[in-house]
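> Quick one, fold the following:
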Amino acid sequence: MLLSFPYMHSVLLSDNLPDSLVVFDPGVSEEEGAFRPANLPLEKKVAMALINDCIRFGEQFKDPSEMAYFGAVTADDYYDGSSMSIQAQLTRQFDDGTGSKQERELKEATSKAQFVLLLAWFFEEKMIELASIEDGVRNSWKSMDKTLGVDEDDRIDERVLDLGNRESHTGGASDEQTVPLPWKRIVEALPAFISEDTTLLCTDSQIISEWDDMEISFAPADTVDGLPEGAEVATCPAWVFAGRRREPADLPFALKNITVAIIR
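The predicted model follows:
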């Protein structure tokens, strides 16, 4: 399987990618063709309740950039500062007293991995929503610009204000309040739900640049694998792709090897 990384919405993907590429569904997506693993421990109803709790938690931040904290921490760190009901709901899912200790610990780790992916998926939803609102506001400014009769001479001589070029101030990228997608946490959570023959495909130049800085060695890919010409691949433990210096003791899925393909 060829899985997009880090985005979980096809609208955010680059053009001219393989038709076989699919996006990941952490249990709440309605996108046709998305990959929803069979071993997701949290049902959709519980997952949506967790997301709603996260929304309420996020409302306490006056500056959206403060939420970038999430991109630098593990799931456990996130619980320490978040609503206790979030952790309580997750606890009820894996601490039901059934199964062996090892089985309960596995379910706990899987639930936490799904929780991280749910947060990232919802974050993307908000990115798309804000971009749509901002485009709408910009189009409204442009329409007003035309209604006021602003012509090219006016623009060149700067005798009037071109409303179409004004920022919309909807809290999106134009306000410089963007929060980076927590891709390092995503790459450590995905191994809980993907098979060994899955390849993550990344075209994000910033992420690829960071991997280059980490000195991860990518080699030319075999086109037989369904990857486009020019793609490069590397196989490492997930924690290496996340930029850690050593194995994390509390993230068992991050120890698994994953294969990542990049297109520069």
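> Would you map the helices across this protein?
Counting by DSSP state H, the segments of the chain that form helices are 44-58, 75-81, 84-94, 101-147, 152-157, 183-189, 205-213, 238-241.
> what's the least confident stretch among these?
Least confidently modelled of the helices of the chain is helix 75-81, at a mean of 46 by mean pLDDT.
> give me the number of residues near Thr198?
17 (other CB atoms under 10 Å). Bear in mind the C-beta positions are built from the backbone N, C-alpha and C, glycine included.
> Quick check, pLDDT for the closest residue to it other than its chain neighbours.
Excluding its sequence neighbours, the residue lying closest to Thr198 (CB to CB, 6 or more residues apart in numbering) is Met1, at 4.7 Å. Note for Met1: predicted pLDDT of 94.
> next one: Gln60
61.
> give the contact list for Ser29.
Contacts for Ser29 (CB atoms under 8 Å, 6 or more residues apart in numbering) come out as 8-9, 23, 36, 121.
> switch to 7 Å and redo it
Taking CB atoms under 7 Å, 6 or more residues apart in numbering, we find Ser29 in contact with Trp121.
> Kindly report the same for the one 10 residues further on.
Taking CB under 7 Å, 6+ apart as the contact definition, Asn39 lies against 110, 193.
> Kindly report the same for Ala120.
Counted by CB under 7 Å, 6+ apart, Ala120 has contacts 8, 181-182, 186.
> Now with 8 Å, please.
Contacts of Ala120 (CB under 8 Å, 6+ apart): 6, 8, 26, 181-182, 185-186.
> Please report how far it lies from Leu190.
10 Å (CB to CB, to the nearest Å).
> Ok, Cys54 next?
19 Å.
> more neighbours, those two?
Leu190 (26 against 20).
> Is that one in contact with Ile258, as I believe?
Yes. The criterion here is CB atoms under 8 Å, and Leu190 meets it with Ile258 at 7.1 Å.
> Which residues are in contact with each of those two?
Common contacts of Leu190 and Ile258, defined by CB under 8 Å, 6+ apart, comprise 200, 238.
> which residues does the nearest residue to Leu200 once chain neighbours are set aside contact?
Distances taken as CB to CB, 6+ apart put Phe5 closest to Leu200, at 3.9 Å, once the chain neighbours are dropped. Contact analysis of Phe5 by CB under 8 Å, 6+ apart lists 183, 186-187, 190, 200-202, 260.
> now do the same end-to-end measure for stretch 23-40.
16 Å (CA to CA, to the nearest Å).
> Kindly report the same for stretch 250-264.
Start-to-end, stretch 250-264 (CA to CA) is 33 Å.
> Would you mind listing the buried residues in stretch 25-32?
By neighbour count on 16 or more other CB atoms under 10 Å, the buried set for stretch 25-32 is 25-29.
> which one of the residues you listed is nearest Arg246?
Checking the buried residues of stretch 25-32 against Arg246 with CB to CB, the nearest one is Pro26 at 27.4 Å.
> What's the separation between the spatially closest residue to the closest one that is not a sequence neighbour and Phe193?
Once flanking residues are discounted, Pro26 sits nearest to Leu117: 3.9 Å by CB to CB, 6+ apart. Leu117 sits 8 Å away from Phe193, going by CB to CB.
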